[in-house]
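1. what would the 3D arrangement of this be:
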Amino acid sequence: MKTLLAAFLFCAAPALAECRLALALGLDVSGSVDGQEYRLQMDGLAAALQAPEVQAQILALPAAPIWLTIYEWSGSGYQRLVVPWTPLRNTSDLASVSSTLLARQRPRSAGSTAIGHAMYFADYLFRQRPNCQAYTLDLSGDGESNDGQFPQVVRREDRFKGVTINGLVIGSDVTVGRDERQMEMMALSAYYRARVIWGPGAFIEVAQGFEDFERAMTRKLLRETKGILVGRR
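-> This next block holds a predicted model:
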């Protein structure tokens with residue numbers, strides 16, 4: 001019996017150590033996001049990944065790294081990979097991801113917002129990264145879904161069992177009046193809570209406009225990467 005147990009642990013160890021978290025970041029590039037806001041989103045994420053406190057958490061267990069992938073989404077027919085699955089074992093890995101984001105140019109994309117299809121694309125990516133302890137989808141957006149399958153339907157499909165879906169709600173930079181902006185953000189936050197986020201411990205973070213994206217993303221990454229231990233999904 002001891003021999004069989006030892007053999008099992010030996011065989012399981014590489015899979016357990018391979019990936020402690022698969023983290024997919026989906027960035028909204030729909031028609032409501034202009035060129036300047038696109039740049040703030042990409043540059044903000046690049047800076048968040050370089051924040052010392054974020055790096056400390058991500059690189060805490062290099063033998064069992066966090067694997068990161070980043071993609072853009074808008075309408076039901078537009079999802080584009082920006083950073084393929086990358087194990088984050090050292091500062092050079094994080095610097096490489098940040099450099100890719102800083103060099104990224106805004107693509108042409110559909111003007112609609114298909115949150116459900118952004119979820120489907122994340123599922124496609126997760127299937128390429130098996131044997132992780134945990135799976136988290138991080139969706140950033142500045143509006144409600146208006147195209148494709150409803151996100152509240154998609155998230156309940158069997159494919160998302162064992163997946164946590166978090167949201168980063170981005171307030172409008174063009175809304176006139178502080179009270180009106182706050183009302184819009186409250187409404188969008190309520191929408192994300194009711195129809196987008198999913199799974200144990202799922203949460204939303206709020207950016208007070210795209211200028212605030214870096215701060216909000218930094219807080220979000222800290223929450224998503226805190227206390228991730230080695231284990232099986």
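2. name the element the closest residue to residue 206 other than its chain neighbours belongs to?
-> Spatial nearest neighbour of residue 206, excluding adjacent residues (C-beta to C-beta, 6 or more residues apart in numbering): residue 169 at 4.9 Å. All C-beta atoms are positioned from the backbone trio N, CA, C, and that covers glycine. If you go by DSSP states H and E, residue 169 is part of strand 163-170.
3. just after that strand, pick out the following helix or strand.
-> Following strand 163-170 toward the C-terminus (DSSP H and E): helix 178-195.
4. what lies in contact with that following helix?
-> Outside of helix 178-195, the residues within contact range by C-beta atoms under 8 Å, 6 or more residues apart in numbering are 141-145, 150-152, 167, 169, 171-172, 175, 204, 206, 208-209.
5. what does the lengthiest strand in the chain rub up against?
-> As assigned by DSSP state E, the longest strand anywhere in the chain is strand 79-88. For strand 79-88, the external contacting residues (C-beta under 8 Å, 6+ apart) are 19, 22, 27, 58-59, 65-73, 93-94, 96-97, 100-101, 104, 107, 109, 117-118, 121, 125, 128-129.
6. again, only this time at 6 Å
-> Residues outside strand 79-88 that contact it (C-beta atoms under 6 Å, 6 or more residues apart in numbering): 58, 65-73, 94, 97, 100, 121, 129.
7. quick one: mean pLDDT for that strand?
-> Averaged over strand 79-88, pLDDT sits at 97.
8. roughly how far does the nearest residue to residue 166 once chain neighbours are set aside sit from residue 34?
-> Distances taken as C-beta to C-beta, 6+ apart place residue 138 nearest to residue 166, at 5.2 Å, with adjacent residues excluded. As for residue 138, its distance to residue 34 is 22 Å (criterion: C-beta to C-beta, to the nearest Å).
9. of those two, who's got more company?
-> residue 138 (24 against 13; other C-beta atoms under 10 Å).
10. wait, a helix at the more buried one?
-> No. Secondary structure of residue 138 (DSSP: H, G, I helix; E, B strand; the rest coil): strand, not part of a helix.
11. wait, isn't it in contact with residue 28?
-> No. Contact criterion C-beta atoms under 6 Å: residue 138 and residue 28 do not qualify, at 11.6 Å.
12. quick check, pLDDT for residue 182.
-> Reported pLDDT for residue 182: 83.
13. how many neighbouring residues does it have?
-> Residues near residue 182, counting by other C-beta under 10 Å: 13.
14. what are the boundaries of the helices in this structure?
-> 2-18, 35-50, 52-58, 91-103, 115-126, 151-154, 178-195, 213-225 (DSSP state H).
15. closest to residue 163 out of these?
-> Minimum separation from residue 163 across the helices of the chain (C-beta to C-beta) falls at helix 115-126, 6.8 Å.
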